[in-house]
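Participant: Pasting a predicted model and its sequence here:
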Amino acid sequence: MRFQPSLGEHYTKDCPEGLLFGQVVTRENSLDTVVMKYVEKDKMIPPVLILHGDMDKSIPFHQSVLLYDKLMKCKKDVQIYKILDTGHSGAEFWNKEVLDIVNKFMSSYLLNERA
């Protein structure tokens, strides 16, 4: 994320990653916050639904693409949706279309769990 557009800094002592590590951020410990590090083909991972705003200035959309690609490479059940004209959060995530996507995803997951 360091090299992608973002309003936030991800390598300073006061950034979320810095606060997580007691205000000591190194390249090594910041990598522990990268979810893709924990995605492996032989590891059980529940289905993943990714919803990301295309104008997110906190976490670049490309981060979700990288996660999606890693999950697909490891043959995991994943869906990704780009929420147009929205940032990191907001009302755009709470419209009928998006909520229908979430409902369908959750319903499918719950049905598969019962089978």
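Facilitator: Structure received.

Participant: Lys96 - how many residues pack around it?
Facilitator: 8 (other Cβ atoms under 10 Å). In this view, the C-beta of every residue, glycine as well, is placed from N, C-alpha and C.

Participant: Show me which positions of the longest helix seen in the chain end up buried.
Facilitator: Longest helix of the chain, by residue count under DSSP state H: helix 96-114. For helix 96-114, burial by neighbour count (16 or more other Cβ atoms under 10 Å) applies to Phe105.

Participant: cool, and stretch 36-47?
Facilitator: Here stretch 36-47 shows Val39 as buried, counting by 16+ other Cβ under 10 Å.

Participant: gap between the two ends of that stretch?
Facilitator: 15 Å (Cα to Cα, to the nearest Å).

Participant: need the strands for the chain, in chain order.
Facilitator: For the chain, applying DSSP state E gives strands covering 48-53, 78-83.

Participant: Reformat those into JSON lines and put mean pLDDT and distance to Tyr38 next to each item.
Facilitator: Below are the strands of the chain laid out as JSON lines (pLDDT from 0 to 100; distance: least, Cβ to Cβ, whole Å):
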{"stretch": "strand 48-53", "mean pLDDT": "97", "distance to Tyr38": "12"}
{"stretch": "strand 78-83", "mean pLDDT": "97", "distance to Tyr38": "14"}
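
Participant: Please render those as TSV that adds mean neighbour count and distance to Lys37 to the earlier fields.
Facilitator: Output for those, formatted as TSV (neighbours: other Cβ atoms under 10 Å; distance: least, Cβ to Cβ, whole Å):
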stretch	mean neighbour count	distance to Lys37
strand 48-53	18	15
strand 78-83	17	16
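
Participant: In CSV, list the ones you listed along with distance to Glu97.
Facilitator: Listed next are these as CSV, based on distance: least, Cβ to Cβ, whole Å:
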stretch, distance to Glu97
strand 48-53, 11
strand 78-83, 9
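
Participant: All set now, cheers.
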